[in-house]
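S.K.: what shape does this take:
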Amino acid sequence: MESLVESGNRVLLVWSGQIDPEEMKQLAEKLQGAVGPSGKVVVENAERLAMAGHAHSSFDAALSGVVGEPTLHGAVLLGQLLELLRPGGRLHARDSRREQAARQLTLAGFTASASCAELGGYVTARKPDFEVGSSAPLKLPVAAPSAAAAAVWTLSGQDALDDDLDLVDEDELLDEEDRQRPDPASLRVCGTTGKRKACKDCSCGLAEELSAGKQPATKSVTSSCGSCYLGDAFRCASCPYLGMPAFKPGEKIQLSQRQLNADA
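M.R.: Okay, the predicted model is just below:
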């Protein structure tokens, strides 16, 4: 056991459960002899470790559960041991869950855990070479864009004059048909189907206009109650002016074909 520590080390000896006081005393004396007069061995109970008041990074090595029954090293105890060890310090533990001990140590933040079968099944783990809670900026290389890549998204005045640069002529995007104004008659559609062809029970007059070849005319509407101009509050449910703002009496209002057809 003395081989686990070096001269000048500060060693934390942790115990729990029922132990033999004489066995603990003998082990502490052996460890003190190994670390010499410049080192120190401190004995603490695992359940009272947080109340001991030791500063962070106070110990070079820690031995836990090496006397009496193996200790159950939970996340809380392992976290406390990690804080008390200096960066690079080692923990030698004997855990009652021998198969899971290495995984628990890794989850707690220890590294390089290994089984020491020759020491009676102890597990040795090492604290990383940095303090708990420390941070460091990441230096990620940022490559500057090459001249060729930057030129892809750049169009200078000289490029516009370059004969080898193939640019799209915006005047060629429209042909002659696109420039012609559509015939208003061709825009007249059936109010029911929304198509140029009249429906079977056409009542809007489109069927007659198409059959006679007449120019589609805009129908006028006359109010039956005489109050439509006052607004929606004075209009009936089938009023073609629903949704339109109020207007002056006698003012000419143009309604679309959809508004001329009452909802079914």
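
S.K.: burial of His56, as a residue count?
M.R.: Per other C-beta atoms under 10 Å, the neighbour tally for His56 reads 12. Every C-beta, even on glycine, is put in place using the N, C-alpha and C of the backbone.

S.K.: tell me if I'm right that it and Glu83 touch.
M.R.: Yes: contact criterion C-beta atoms under 8 Å: His56 and Glu83 qualify, at 5.0 Å.

S.K.: between those two, what contacts are shared?
M.R.: Val132 (C-beta atoms under 8 Å, 6 or more residues apart in numbering).

S.K.: list the buried residues in stretch 71-89.
M.R.: Within stretch 71-89, the residues that count as buried by 16 or more other C-beta atoms under 10 Å are 71, 73, 77-78, 80-86, 89.

S.K.: longest strand in this structure, please.
M.R.: The longest strand of the chain (DSSP state E) is strand 85-93.

S.K.: nearest residue to Thr71 in space, please, no chain neighbours.
M.R.: Gly65 (3.2 Å; C-beta to C-beta, 6 or more residues apart in numbering).

S.K.: can you tell me how far that neighbour is from Ser211?
M.R.: Gly65 sits 103 Å away from Ser211, going by C-beta to C-beta, to the nearest Å.

S.K.: more crowded one of these two?
M.R.: The neighbour count for Gly65 versus Ser211, taken as other C-beta under 10 Å, is higher for Gly65 (24 against 9).

S.K.: does that one touch Asp95 like I think?
M.R.: Yes: Gly65 is within contact range of Asp95, at 6.4 Å (criterion: C-beta under 8 Å).

S.K.: list residues touching both of those two?
M.R.: With C-beta under 8 Å, 6+ apart, Gly65 and Asp95 have common neighbours 71, 73.

S.K.: quick one: Pro249 and Tyr229 touch, right?
M.R.: Yes: counting by C-beta under 8 Å, Tyr229 is a contact partner of Pro249 at 5.3 Å.

S.K.: quick check: mean pLDDT of stretch 129-138?
M.R.: For stretch 129-138, mean pLDDT is 74.

S.K.: now what about that stretch, what contacts it?
M.R.: Contacts for stretch 129-138 (C-beta under 8 Å, 6+ apart): 56-57, 82-83, 87-88, 109.

S.K.: now the end-to-end length of stretch 78-91.
M.R.: 10 Å (C-alpha to C-alpha, to the nearest Å).

S.K.: now the strands for this protein?
M.R.: 10-15, 40-45, 59-64, 85-93, 111-116, 122-126.

S.K.: so which of these is nearest Asp169?
M.R.: strand 111-116 (67.0 Å; C-beta to C-beta).

S.K.: for Gln80, which non-adjacent residue is spatially closest?
M.R.: Per C-beta to C-beta, 6+ apart, closest to Gln80 is Leu49, 5.3 Å.

S.K.: go on, Glu251?
M.R.: Tyr229 (7.3 Å).

S.K.: thought Ala246 was touching Tyr229?
M.R.: Yes: between Ala246 and Tyr229 there is a contact under C-beta under 8 Å: 6.1 Å.

S.K.: quick one, which of those two is more surrounded?
M.R.: The residue with more neighbours, out of Ala246 and Tyr229, is Tyr229; 18 against 14, by other C-beta under 10 Å.

S.K.: contacts only, for that one.
M.R.: Contacts of Tyr229 by C-beta under 8 Å, 6+ apart are 223, 241, 246-249, 251.

S.K.: and if we set it to 7 Å?
M.R.: 246-249 (C-beta atoms under 7 Å, 6 or more residues apart in numbering).

S.K.: for Ala237, see how far away it is.
M.R.: 17 Å.

S.K.: can you check Leu210 too?
M.R.: 31 Å.

S.K.: same deal with Lys248?
M.R.: 24 Å.

S.K.: that older thread, with respect to Ala143, which of the buried residues of stretch 71-89 is nearest?
M.R.: Nearest to Ala143 out of the buried residues of stretch 71-89 is Leu82 (C-beta to C-beta; 38.5 Å).
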